[in-house]
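*Asks:* Just need the structure, nothing else, for what follows:
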Amino acid sequence: MSDLFWLSRSQLQRIEPCFPQAHGVPRVDDQRVVSGIIHVIRNGLRWRDAPREYGPHKTLYNRFVRWSRLGVFDRIFSAIAAENGEPEQLMIDATHLKAHRTAASLLKKGMFPRRIGRTKGGLNSKLHAIVNEHGKPLVLLLTEGQMSDHLGAKLMYESLPTSASHLIGDKGYDSDEFRAALNAKGIKPCIPPRKNRNTHISYCRKLYKTRHKVENMFGKLKDWRRVATRYDRCAHTFFSAICIAATVIFYLN
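*Replies:* A predicted model of the protein is given here:
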């Protein structure tokens, strides 16, 4: 990786199968443009502040928005995460991502959903994640900030890999419904019970101590400034930024 390009040719070749086919005029150099998009997201820049070496900032912005609407970056993350093999253990957690005032401005009626909600900390979004035993993200979900961890986990039920022996989560995931869903897939929950539970539930405390890996994953994602602070009004563009960060940090390094 040079000072200019964030992706080498070999790294670009791994994700090129997910790129849309060019029709008519050939696209501008993918390595340069995708590296420029990564540079903006990593450093929290305005698009117009991107270094000139990456080309016109409008080219970077238009490519990012167009491919976000097509779901290109989502597919890249899903495809390259699947190459990592079947996980032996899973960990689940969620974190809040602060929404900047530019992201919280109103959209026209009928536009894409924003996935921004109001909590005690103000306006923010919530990122739910499932990671493997190495702390690499496998499933990502963006919701409104006020959504509970349990409801977020419910939306990710179908995406849970059945190869894992255990799923580790905190007390926010302690519910009979979630435990039953895990058992139905052959996954043993390692989740401490809430204080208000009437029945005793045991869990492996030694295994639970490894849950810090999912928190470490969130910490690495938030090192990317346009992930830690949301500037994008549309949810699909912000989620694309998250997918780009997760792909580069955990699978293309």
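*Asks:* All the strands of the stretch 101-250 of the chain, in order from the start?
*Replies:* In the stretch 101-250 of the chain, the segments counted as strands under DSSP state E, counting those that start in this stretch are 117-119, 122-132, 137-144, 166-168, 188-190, 229-230.
*Asks:* From residue 120, how far off is residue 171?
*Replies:* 19 Å (CB to CB, to the nearest Å). Where C-beta positions appear, they are placed from N, C-alpha and C, glycine not excepted.
*Asks:* what's the answer for residue 245, then?
*Replies:* Using CB to CB, we find residue 245 at a distance of 26 Å from residue 120.
*Asks:* and the closest residue to residue 121 other than its chain neighbours, what element?
*Replies:* The spatially closest residue to residue 121, leaving aside those adjacent along the chain, is residue 96, at 6.4 Å (CB to CB, 6 or more residues apart in numbering). Assigned by DSSP states H and E, residue 96 belongs to strand 89-99.
*Asks:* Kindly state the beta-bridge partners for residue 190.
*Replies:* residue 168 (DSSP bridges).
*Asks:* pLDDT value on it, please?
*Replies:* Note for residue 190: predicted pLDDT of 96.
*Asks:* Just to check, it is in contact with residue 203?
*Replies:* Yes - using CB atoms under 8 Å, residue 190 is in contact with residue 203, at 5.1 Å.
*Asks:* Look at these two and report which has more neighbours.
*Replies:* More crowded of residue 190 and residue 203, by other CB atoms under 10 Å: residue 190, with 23 against 17.
*Asks:* Return the distance of the more buried one relative to residue 253.
*Replies:* From residue 190 to residue 253 the distance is 28 Å (CB to CB).
*Asks:* now swap in residue 147 and tell me
*Replies:* To residue 253, residue 147 is 31 Å away according to CB to CB.
*Asks:* These two: who's more crowded?
*Replies:* The residue with more neighbours, out of residue 147 and residue 253, is residue 147; 20 against 8, by other CB under 10 Å.
*Asks:* show me what contacts that one?
*Replies:* 117, 126 (CB atoms under 8 Å, 6 or more residues apart in numbering).
*Asks:* Ok, residue 181 next?
*Replies:* The contact partners of residue 181, by CB under 8 Å, 6+ apart, come to 154, 157.
*Asks:* correct me, but residue 20 touches residue 72?
*Replies:* Yes - applying CB under 8 Å, one finds residue 20 in contact with residue 72, separated by 6.3 Å.
*Asks:* For the lengthiest helix in the chain, buried residues please.
*Replies:* The single longest helix within the chain, with elements called by DSSP state H, is helix 235-250. Neighbour-count burial for helix 235-250 flags 235-250 (criterion: 16 or more other CB atoms under 10 Å).
*Asks:* Between strand 122-132 and it, find me the angle.
*Replies:* With axes from the mean of the first three to the mean of the last three CA atoms, to 10 degrees applied, the angle from helix 235-250 to strand 122-132 works out at 40 degrees.
*Asks:* Which neighbouring elements make contact with helix 235-250?
*Replies:* helix 30-43, helix 57-69, helix 72-82, strand 122-132, strand 137-144, helix 212-221, helix 225-228 (3 or more CB pairs under 8 Å, 6 or more residues apart in numbering; DSSP states H and E).
*Asks:* hmm, try it at 7 Å
*Replies:* Counting contacts by 3 or more CB pairs under 7 Å, 6 or more residues apart in numbering; DSSP states H and E, helix 235-250 is packed against helix 30-43, helix 57-69, helix 72-82, strand 137-144, helix 212-221, helix 225-228.
*Asks:* Among the ones you listed, single out whichever gets nearest to residue 91.
*Replies:* helix 212-221 (4.2 Å; CB to CB).
*Asks:* Domain ranges for this structure, per the record?
*Replies:* Per automatic domain parsing, the domain ranges recorded for the chain read 9-78, 86-243.
*Asks:* Nothing else from me, thank you.
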